[in-house]
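Engineer: Coordinates only, no sequence provided:
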């Protein structure tokens with residue numbers, strides 16, 4: 001008798017066959033819902049940047065952005081967008097993810113938000129920032145920081161990571177592979 005037959009775990013095989021991995025378009029839908037959730041914060045951020053110019057207020061908004069995905073995925077297994085489209089983030093054993101996995105899974109987002117935070121702080125300390133009252137002036141000032149190039153590289157990684165979902169057998173993005181997580185239909 002073959003040893004590989006004796007070592008085969010039929011329960012794991014059954015669990016893997018019964019799991020329905022969340023597809024690319026379902027995950028895109030979840031991201032769109034999450035983007036809608038942040039519209040009020042985005043409006044506040046724009047208003048703050050062009051009118052109030054409070055660094056503290058902007059940092060609070062950025063902290064909410066940064067904490068949203070990892071905190072919700074760790075505590076509930078899903079963001080509001082994922083809940084809306086009925087998908088859940090699980091670990092490779094099929095259980096809830098831990099805090100470390102939530103952070104690793106969101107490294108691309110955390111990196112983008114960290115860069116945004118650094119740039120925001122740098123912009124607020126420029127004397128010319130006080131005179132910014134339009135997006136054109138803001139973009140001109142932003143281009144001087146080097147942020148657009150760095151941001152493009154981070155966003156490129158994020159785009160590729162998400163695109164992998166469409167072609168991966170278990171619908172994992174690169175950030176899922178890094179964290180050893182899956183998104184499944186709940």
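Structural biologist: In hand now; what should we look at? Just so we're clear, the structure is a prediction, and the values are computed from it rather than from any experiment. Numbering: from 1, shown residues only.
Engineer: All the helices of this protein, residue numbers only.
Structural biologist: Here the chain has its helices, by DSSP state H, at 3-7, 10-18, 24-37, 39-47, 55-76, 80-84, 99-105, 107-124, 135-143, 147-167, 174-179.
Engineer: Including mean pLDDT, could those go into JSON lines?
Structural biologist: Converted to JSON lines, those look like this (pLDDT from 0 to 100):
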{"stretch": "helix 3-7", "mean pLDDT": "49"}
{"stretch": "helix 10-18", "mean pLDDT": "52"}
{"stretch": "helix 24-37", "mean pLDDT": "96"}
{"stretch": "helix 39-47", "mean pLDDT": "95"}
{"stretch": "helix 55-76", "mean pLDDT": "96"}
{"stretch": "helix 80-84", "mean pLDDT": "98"}
{"stretch": "helix 99-105", "mean pLDDT": "97"}
{"stretch": "helix 107-124", "mean pLDDT": "87"}
{"stretch": "helix 135-143", "mean pLDDT": "86"}
{"stretch": "helix 147-167", "mean pLDDT": "86"}
{"stretch": "helix 174-179", "mean pLDDT": "95"}
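Engineer: Kindly provide the distance from residue 157 to residue 149.
Structural biologist: Counting by C-beta to C-beta, to the nearest Å, the separation of residue 157 from residue 149 is 14 Å. No exception for glycine: its C-beta is placed from N, CA and C like everyone else's.
Engineer: tally of neighbours for residue 94?
Structural biologist: Other residues lying near residue 94 total 13 when counted by other C-beta atoms under 10 Å.
Engineer: same check, this time on the one 10 residues further on
Structural biologist: Here the count is done by other C-beta under 10 Å, and residue 104 has 18 residues near it.
Engineer: is it true that it touches residue 177?
Structural biologist: No - using C-beta atoms under 8 Å, residue 104 is not in contact with residue 177; the gap is 10.1 Å.
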